[in-house]
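**Student:** Got a sequence here, can you build the structure:
(2 chains)
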Amino acid sequence: MAGPVVPSSPTTRFFGSPSAVYLSAAILRGAFLVYGLWQDANSPFKYTDIDYLVFTDASRFMNHGKSPYARETYRYTPVLAWLLLPTAWATGSSIWDVVCFSSGKVLFAVADLVAGWLLERLLTMGGGSLRPMDGTTARKFAAIWLLNPMVATISTRGSSEGLLGVLVTALLWAVMARKVTLAALLLGFGVHFKIYPFIYAPAIVWWMDQERMTSRGPGDTSSKSGMSFASRIGAFFTPARLKLTIISLATFLGFSLVMLSIYGGPFLVHTYLHHVSRIDHRHNFSPYNTQLYLTSAFPHLSALRIESVAFLPQLVLSCVLIPFVLAKKDLPTAMLAQTFAFVTFNKVCTSQYFLWYMVLLPLYLPHSSFLKDKKLGITALLLWVASQALWLQQGFQLEFLGQSTFVPGLWLASIGFFLVNCWILGIIIADVPFRSKS
Amino acid sequence: MRERITYIQKQGDTLEASSLSISPASLSGPSIRAVREDRLTLGEDELPAELRSLLKEIHELHVRWVSPVAYETVSPLLARLPAGFHLFYTPSGGVGGDGVHSTRLCTALQTVFGSIACSTPGESFTSLPADRFSHAAAMQYFQPLEGLDSFVGYVKGKKVCGEEPSCLARVDDLKDASALDVSWDAISHALKVTAFWAYGEKRVEAVAWREGVRTEVGVLSDEKTPTMEAHELGISGLLTVLGQDGKPSVTMFSFPSRHRDAGIKFQAGFVTPTGLHPSLRVTVGSNRPPVGEDEAYCAPHAYLTLPRGVFVDKYQLADGLFLASKNLTALRYVSQPVDLEAPEYVMKLWGSAVLVELTSPPYEAGEKEREWTAEIPMHLRYHAPAHGGYKTLEVPYPAVFWACAAEEGTKFPNNPFERVNLGYDGLFGPRTVFWHLEPRPVEGERVVSRITVPVLDLDKAGWVNVGTAAAVLLGFGWVVWKLLAVYLATGYGAATTEKEKEKKRQ
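**Tutor:** You can find the predicted model right below:
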C-alpha cells in the first residue's frame, strides 16, 4: 500500500491533507449526531443507545449528590458518570439542555478523532519492527477507524467504547515513544475503566526489554546467550518494567480505592464483581452462550461448571501465549491478537466489543496477508460478516418472531462465527514474523 | 361467628316479601337473577390452632382471589382485580420485623390454598409504598391461581360441618365462586371470609352455618334512591335475621362508594408475533368518560399484576414520544425491585405490580363513541429450557378503570360492601372514584392473555455441551498451533535476527 505516490489521484490528494481527513471525520460524526437528535425528537424509536441513557441517568444522580449506582444496570466506574456530568445540567433553555445532554456524545466522538490521530502518529513513527509510513498512507489506514460509519454511529449513539479506543491507542503510543510513566498511568486507568486492558500489561512488560528501552538496537537478544538462568531472571526486572508495574498498579488501586471510599460496596459490586457473578444467559455471539443458558437453568446437572473453566483458553491465549510469542516482534499486532482472542473466547460477546480490536486494525493491516492477498482479505471479511449475519438472522427470529432458535440455529451460528474468528486470528498471528520484512 | 348473606339483583328486579319462606335456621325463595355474597366473620378463638399461632405474627393480611373465568357483577360489588391470588400483608413487627424472614406464612398459604409458590415474605413479596395511605398493607404478593379446590379441601379437612349435608354443600359451592376475600387484622382480632358468586340465575337459599350463628340475609336490588348524591350508590330490598325475624323488613339506603360501573367493556391480548418483547394490547369499547369533563378530572388506567416471567421497563416507559405512540400517558407505578436482567428461573420475587395511565381519544359530548386501544410494552425473561422449545405464560387481564377525582370535601367512609386493599387503591388519593370496565374474554371464557415463550429446546440440546467443548478446543488448538509455528520458526524474541536470517536465505 505504501507504493509510489501518485499526486494526480483525488484519493491521494484527500488523504494528503490532514485537515480534509479530520474535518470529514468530524463532519461525519456531527451529521450522525444531529440526525440522531432529530430522530430522538420525532420518532418513538430512538437513535440514542440505551447505555447512554444509563450513563446520563447515573450522572443525574451524581449531580444531585447521590451515587451513580442508584441507576439500575449502571455497571461502570463513577469516573464515567463524572465525565458526563454536563449532560445532567439543566439550564432552563431547551436548546442548551439538548446541547448539554449531547455533550457526552461529543466527548465520545472527539475521543474517536483523537484515537484516529494517535493511529496516524503510530503509523508514521513506525516503532518496533514497523517501518515508518508517510503521512498520506498513514491517514489512509487511520481512515479505517476515522471514516468508518460503524465507529461513528457507535460513538454518536452514545456508547462509551470510543473512550476505550483513545485509551488503548494512547497507551500504545506512550509505550512506543518510551514514555513509561504515561504508559503506566494509561494502563492503570484503562483497567480501572473497563478491566479488559489488563491483558496488555504482560505484552507491554515483555516488550520493554533492556535492549529496547536503552535503544541499543531493537530486541538484540544475542547478548543474553552467555548469561546464567539466575542472572537472566534478574535482568528481566529492568527499571522500566518495575516502573511500569508499580505506577500502573498504583494508578489502578488509587482510582479504585478513591471510588470505593466514596461509593462503597456498590462500586465494587457493580463495576467489578458483577462481571464475575453474572450468568450471561441471554443470547449473544459467544460460543459458550447456549451452554451457559443450559447450565444456569440446571446447575446441578452439569458435572463441570463451564463458567469456571471457560476463562482458561481465553486467558492462556490473550495473557500468556500471544504476548510471549508476539509482543517483542510486533507490539501493535500482538495487542490486536490479544484483544481478538479475548473477545472471541469471552463468555459474553456483543458487537460493541468488536470496537475493542477494530481500533488496532489500522496498525496491523499494512503489510498484512489480508491486503497482500486480496482474495484472502475479501474472503475473511465476507466470512466475518456472513457468519455474523447468520447469527443476527437467527437472533431476529428469536427476539422478534418468538421462534425457539436457540438450538441448533443460534448455537451453530455462534460456533460458526467463533471458528471464523479463530481462523482470522490464526492468520494474524502467522503474519507477525513476515510483516516487518516486506 | 356471624354471617351476612346477600343477593343483589339488577335495578328494576325486585322480589315480593311474600315469596320468601323463612324458618329459624334458613330462608328460601324462588330463582332470581342476581349475584350472591357470603361474608362470614370468625373470632380468633374459632380458628384452627395452627392458624391462631400464625396470626400472632400478622398485623394485617388480605387475600384476594379472583377467578380467571370472566364474570358479570352488579352494583355495588364493583371493585375488580386481575384474576389470580393476591395477598396484601403487614407483619406484626412491620417490614423490618422477624416475620419477614419466616417461611411459616408461605407454608400456611400452601396448606390452605394449594400451589402458592412463595418462600418467605422477605424473598418473595414486594413492598408497597408506605407514604400514601395509612390503612394500606406493607407488602404484596401475587400469582395466578386457577381455582379454590385446595381451599375447599382444607376447609372440609377441618371437619367444620360434621356430617351436616347443607353445610358440606355450602363448602362445595365455594368451587363455583368468582372471588374470595380473606381478611385479618390484629386490631379487630377477627377473620373475615367473603365469597362472591357472579351474576346469574340462582335460587334464593340461605342456611345458617349452625344454630346460634347470627345470620343476616338480604335479598336486595340496585336502586336509585331519590335523595342520592352523585358519588353515592343505592340499595333497596328485604332484610331478615334468621332466628330473630319472622318476616323480612323492607329497607332502602344509599352510601358513598369509591367503586362504580363505567358501563364499558374491554379486552386484552398480546400483539403477535410476541417475540421476547411482547406488547399487551388493551381494547376499550368506548372513549366516553364516565363523568363529564366539567364535573371531574378523569383518566383511564390499567393496573397489572405481572408474574415474574414478564416485566415492564420503567426506563423505556419514560419517553413521551414512545408512550404516545402506544396510547399511554405515563407509567404511574411499578413495584420495586424489578430485576431487569435476571432469568425467570433464578427469581424468588413474585413479579411486579404496574399502574399505567392510558390515553383515550378525546370525546366530545354528543359525538359517536369510539373503540380505542392502548399497548403496554413488556419484556420476557429467559425461562428454563424445556422439551419442545416453548412454554406458555399466562398473564391475567389488567384491572382497567377510569380514575376520577371526587369533589373537594367528599368523604368515603366504609360502606357495607366496600373492598379496600386492592393494590391500586393505595396508589391514588383518598377522594378517587374508580369507574370499572368489565373484562371480556377474546375467546373462550377466561380473562387471561397467553404468551408462547421460546426457550432452549431440551430435545435438541444433547450436543450442546460436547459440541461447544469440541469447537472451543478446535479453535484454541488452531490458534495455539499458529503460535507454535511462529515460535518454532522465530522464537519469542524480536524479529530482527530472523530478518537477518531471511536476508541470508535470499
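
**Student:** contacting residues around the residue of the stretch 1-150 of chain A found nearest chain B?
**Tutor:** Here the residue of the stretch 1-150 of chain A nearest chain B is A:P44; by Cβ to the nearest Cβ that distance is 3.8 Å. Any C-beta I mention is one placed from the backbone N, CA and C, and that applies to glycine too. Applying Cβ atoms under 8 Å, 6 or more residues apart in numbering or on different chains to A:P44 gives the contacts B:319, B:321-322, B:324-326.

**Student:** After the helix or strand harbouring B:W65, which helix or strand is next? Please name it.
**Tutor:** Using DSSP states H and E, B:W65 sits in strand B:58-66. Once the chain leaves strand B:58-66, the next helix or strand it forms, by DSSP H and E, is strand B:84-91.

**Student:** got the angle between that next one and strand B:58-66?
**Tutor:** 170 degrees (axes from the mean of the first three to the mean of the last three Cα atoms, to 10 degrees).

**Student:** tell me what strand B:84-91 is packed against?
**Tutor:** Contact analysis of strand B:84-91 by 3 or more Cβ pairs under 8 Å, 6 or more residues apart in numbering or on different chains; DSSP states H and E lists strand B:58-66, helix B:104-113, strand B:139-143 as its packing neighbours.

**Student:** Residues contacting it, please?
**Tutor:** B:57-66, B:68, B:97-100, B:105, B:109, B:113, B:116, B:121, B:125, B:128, B:136-145, B:305, B:396, B:421-423.

**Student:** Pull out the CA atoms of that strand and give them to me as CSV.
**Tutor:** This file holds the C-alpha atoms of strand B:84-91, laid out as CSV (Å, rounded to 0.1, in the frame of the first residue of the first chain):
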residue,chain,number,x,y,z
GLY,B,84,-55.4,-14.8,40.5
PHE,B,85,-54.2,-15.0,44.1
HIS,B,86,-53.4,-11.6,45.6
LEU,B,87,-52.0,-11.1,49.1
PHE,B,88,-51.5,-7.9,51.0
TYR,B,89,-49.7,-8.3,54.2
THR,B,90,-48.2,-6.4,57.1
PRO,B,91,-46.1,-8.5,59.6
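
**Student:** Paired strands for it, with orientation please.
**Tutor:** Strand B:84-91 pairs in its sheet with strand B:58-66 (antiparallel), strand B:139-143 (antiparallel), by DSSP bridges.

**Student:** Which of the ones you listed has the highest mean neighbour count?
**Tutor:** Ranked by average neighbour count under the criterion mean count of other Cβ atoms under 10 Å in any protein chain shown, those are headed by strand B:139-143 at a mean of 24.

**Student:** most surrounded residue in the contacts of A:P44?
**Tutor:** B:K326 (18 neighbours; other Cβ atoms under 10 Å in any protein chain shown).

**Student:** residues touching A:S24, list them.
**Tutor:** Per Cβ under 8 Å, 6+ apart, neighbours of A:S24: A:146-147.

**Student:** So it: helix, strand or coil?
**Tutor:** helix (DSSP: H, G, I helix; E, B strand; the rest coil).

**Student:** And the pLDDT at it?
**Tutor:** Looking at A:S24, its pLDDT is 95.

**Student:** for B:T496, same thing?
**Tutor:** According to the prediction, B:T496 has pLDDT 54.

**Student:** Many thanks, have a good one.
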